[in-house]
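Chemist: sequence plus predicted model, see below.
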Amino acid sequence: MLDKVLRVKGPLALAHLALRAYAHGMDDHSHTLPAGDGASLPDPLADPAFAARHMADAVVAAGAVAVAMFRAGVKSWSKAGDSPVTEADIAVDTMLRDRLTLLAPGYGWLSEETADDPSRLTRERLWIVDPIDGTRAYMHGGSDWTVSVALVERGRPIAAALYAPVTDELFVAVTGGGTTRNAQPVTVSSAGALPGIRIDGPVPFVDRLMGDTPFIRLPRIRSLALRIARVATGEVDAALASPNGHDWDLAAADLLVHEAGGRLTTLDGLPLVYNAPVPRHGALVSAGAALHALLVAAAH
């Protein structure tokens, strides 16, 4: 069916097909807003746990669309900063916006593949989305790319969903509710000393931070969100990020690692604040609480 849609109508038809299937198949109609202006109605996503469920459904459907488009062949090009983008990035972005805003038309929107709308700065809540985090990995048939969505309230994520389609891993977190992978709780590693830690990040950054300390360098995970999610599961003890990571790279992963008992901060140990006028961040470090403190100290 998906291949037929691609041949007959083109890639964007996949996004609309998935959206129609979603709208038809929602199993909790009591939360659906009626047509028209729903601003005066109670917010059906007021509970972050329900929002997380809505997001989880959306990222899994979006991942299926991206996989189907890859198999059919997608065009790619370069945008500003020589960053790659594909037809799938755009199609998934369209699908996610339609789907996520269906129940929350008043929330703000910030996505890597959507022109920035300054009105987001006035919204108490907003969606922060990366349709395909790790586009280069996606283009080359790798497994380390994800679909990433966070719901942010007053500058911090309160619900997150991250899906890695190739490995079929769904990460979900709700503020105060912990982090799960495929519905199973996860926690960060208990590492509390620098020697021997498993670390992932840009080579020069890792080498400078670790100095002469012996450590295990892991293969670099190209999706920054997935790199941090691996800290949340304890498969990676620490992850580093170079400067210039954006809100859409980080917001979902931030909540995942935080709710799993870890931290994601600046090199000064400060938490990240999202939905700033320029949604970009400096160098970052993520790890379990004890190890994180040692890494922050090493950075100075």
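Modeler: Now that the structure is in, tell me what you want to look at.
Chemist: helices and strands of the protein: which one bottoms out on pLDDT?
Modeler: helix 2-9 (a mean of 37; mean pLDDT, DSSP states H and E).
Chemist: what helix or strand does Pro84 sit in?
Modeler: Assigned by DSSP states H and E, Pro84 belongs to strand 83-86.
Chemist: mean confidence for that strand?
Modeler: What strand 83-86 shows for mean pLDDT is 92.
Chemist: got it, and stretch 207-221?
Modeler: 96.
Chemist: can you pull the buried residues of stretch 62-71?
Modeler: By neighbour count with 16 or more other Cβ atoms under 10 Å, stretch 62-71 contains the buried residues Ala62, Gly63, Ala64, Val65, Ala66, Ala68, Met69, Phe70. (C-beta placed from N, C-alpha, C; glycine too.)
Chemist: I'd guessed the third one sits against Pro165; true?
Modeler: Spelled out, that is Ala64. Yes - Ala64 lies in contact with Pro165 (Cβ atoms under 8 Å); the separation is 6.9 Å.
Chemist: and the strand holding Pro84, which strands flank it?
Modeler: strand 76-79 (antiparallel) (DSSP bridges).
Chemist: before we move on, back to that, from the buried residues of stretch 62-71, which land in helices?
Modeler: Using DSSP state H, the subset of those located in helices is Ala62, Gly63, Ala64, Val65, Ala66, Ala68, Met69, Phe70.
Chemist: surely the last one touches Thr135?
Modeler: No - assessed by Cβ under 8 Å, Phe70 is found out of contact with Thr135, at 11.2 Å.
Chemist: which residues touch the residue most central in space within the chain?
Modeler: Centroid-nearest residue in the chain, with Cα atoms, centre = their mean: Ser148, separated by 2.6 Å. Applying Cβ atoms under 8 Å, 6 or more residues apart in numbering to Ser148 gives the contacts 59, 129-130, 133, 161-162, 223, 225, 248-249, 251-253.
Chemist: surely it is in a strand?
Modeler: Yes - counting by DSSP: H, G, I helix; E, B strand; the rest coil, Ser148 is located in a strand.
Chemist: what bridges to it?
Modeler: Note on Ser148: beta-bridge partners Asp130, Leu162, judged by DSSP bridges.
Chemist: tell me the spacing between it and Gly142.
Modeler: Distance, Ser148 to Gly142, using Cβ to Cβ, to the nearest Å: 16 Å.
Chemist: now swap in Val67 and tell me
Modeler: 12 Å.
Chemist: which parts of the stretch 151-300 of the chain are strands?
Modeler: For the stretch 151-300 of the chain, the strands defined by DSSP state E, counting those that start in this stretch occupy 156-164, 169-174, 178-181, 184-185, 198-200, 216-217, 238-241, 245-246, 262-266, 280-281, 284-288.
Chemist: and the one helix or strand Leu96 maps to with strand 146-153, angle?
Modeler: Element membership for Leu96 (DSSP H and E) is helix 87-101. For helix 87-101 against strand 146-153, the angle by axes from the mean of the first three to the mean of the last three Cα atoms, to 10 degrees is 30 degrees.
Chemist: got the buried residues for helix 87-101?
Modeler: Neighbour-count burial for helix 87-101, counted by 16+ other Cβ under 10 Å, picks out 87-100.
Chemist: what packs against the helix or strand following that helix?
Modeler: Later in the chain than helix 87-101, the nearest helix or strand by DSSP H and E is strand 108-111. With contacts defined as 3 or more Cβ pairs under 8 Å, 6 or more residues apart in numbering; DSSP states H and E, the packing partners of strand 108-111 are helix 87-101, strand 125-133, helix 247-259.
Chemist: name every strand pairing with strand 108-111 and say which way it goes.
Modeler: Neighbouring strands of strand 108-111 in its sheet, by DSSP bridges, are strand 125-133 (parallel).
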